[in-house]
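**Q** coords please:
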Amino acid sequence: MVQTKLKHLGIILDGNRRWAREKNLPTLKGHQRGYDKIKKVGEWCLEHNIKILTVYAFSTENWKRSKKEVAYLMRLLKKALTDEVEYFKSKGIKIKVIGRISDLSQSLQKAVKNIEKETRNGKKGLLNIAISYGGRVEIVEAIKKIIKKGIAPDKIEEKTVEKNLYTADLPDPDMIIRTSGEQRLSGFLLWQSSYSELYFTPTYWPAFSKKDLETAINWFLKRKRRFGGDDK
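**A** Below you'll find the model as predicted:
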């Protein structure tokens, strides 16, 4: 097993629909397999001592998809957040949902609050699920919070912004993986990813395997992370 100092991993879950089409399955089946995969990857991360996993599950732009697909995704999310409470508690995993929660239905907001409350004492790991999330939206909301707090402009520093992001008090992601072959962040953790290593794989998210994760980790371990400093 590959051991790593990687503390925070971000994953852009991409390729559910394409995976389903190539398998001659309904598009929605791809989403089902994709959400099932999150739990497995979370377990693999713990095996590699990766304590924080942030997954991009549903973006602010995804609301533009068909009503049928959006409704299915929301039902899937609610089912996952409701049915998996005991599983995450038993594993010692804390769940946090980041994004514009006010966009969600009242019943889904209730499920979010419940799973966050029930898993708040988890010490073994943290799973951030980005729902109705957009990096620009997050930064705009952070600015609004700063203004509302009445912080003087000359007192605003990078730390001020960081403390008002959805990921306040968390380390920035060391690496971000995007599946399906696309090579862009699509608004994922725009502030936090300044020095993240970016890893792109052609594997569709539902097909992402333990070996794929270990390949990404090995790639990460070979990177020289200088953070703008000298090459030594």
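**Q** Now do the SS call for the residue positioned nearest the centre of the chain.
**A** Geometric centre of the chain, nearest residue: V55, 1.9 Å, by C-alpha atoms, centre = their mean. The three-state assignment at V55 reads strand, by DSSP: H, G, I helix; E, B strand; the rest coil.
**Q** That one pairs with what?
**A** I11, I129 (DSSP bridges).
**Q** quick one: contacts for it?
**A** Neighbouring residues of V55 by C-beta atoms under 8 Å, 6 or more residues apart in numbering: 10-11, 13, 38, 127-130. From N, CA and C alone the C-beta is placed, and that goes for glycine too.
**Q** go again using 6 Å as the cut-off
**A** Listed by C-beta atoms under 6 Å, 6 or more residues apart in numbering, the contact partners of V55 are 11, 13, 38, 129.
**Q** just these now: which is nearest L221?
**A** I11 (17.5 Å; C-beta to C-beta).
**Q** quick one: the closest one and M175 touch, right?
**A** No - using C-beta atoms under 6 Å, I11 is not in contact with M175; the gap is 9.2 Å.
**Q** So which of the two has more stuff around it?
**A** Between I11 and M175, counting by other C-beta atoms under 10 Å, I11 is the more crowded of the two (27 against 24).
**Q** what does the longest helix belonging to the chain rub up against?
**A** Criterion DSSP state H: the longest helix present in the chain is helix 27-47. The set of residues external to helix 27-47 that reach it, using C-beta under 6 Å, 6+ apart, is 13, 16-17, 19-20, 53, 55, 72, 76, 80, 125, 127, 205-206, 210, 213.
**Q** Can you give me the buried ones in it?
**A** 27-28, 30-35, 37-38, 41-42, 44-46 (16 or more other C-beta atoms under 10 Å).
**Q** And those, which two are furthest apart?
**A** Greatest spatial distance among those (C-beta to C-beta): T27 and L46, at 30.7 Å.
**Q** The helix or strand where K89 lies - what's its average pLDDT?
**A** Assigned by DSSP states H and E, K89 falls within helix 85-91. The pLDDT scores in helix 85-91 average 96.
**Q** which other helices and strands contact it?
**A** Packing contacts for helix 85-91, counted by 3 or more C-beta pairs under 6 Å, 6 or more residues apart in numbering; DSSP states H and E, involve no helix or strand.
**Q** run the last query once more with 8 Å
**A** Contacts defined by 3 or more C-beta pairs under 8 Å, 6 or more residues apart in numbering; DSSP states H and E place helix 85-91 against helix 27-47, helix 106-118.
**Q** possible to save those helices as TSV with distance to Q192 and mean pLDDT?
**A** Converted to TSV, the helices and strands packed on helix 85-91 look like this (distance: least, C-beta to C-beta, whole Å; pLDDT from 0 to 100):
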stretch	distance to Q192	mean pLDDT
helix 27-47	17	95
helix 106-118	20	98
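**Q** Export those helices as JSON lines, with columns for distance to T201.
**A** Converted to JSON lines, the helices and strands packed on helix 85-91 look like this (distance: least, C-beta to C-beta, whole Å):
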{"stretch": "helix 27-47", "distance to T201": "13"}
{"stretch": "helix 106-118", "distance to T201": "29"}
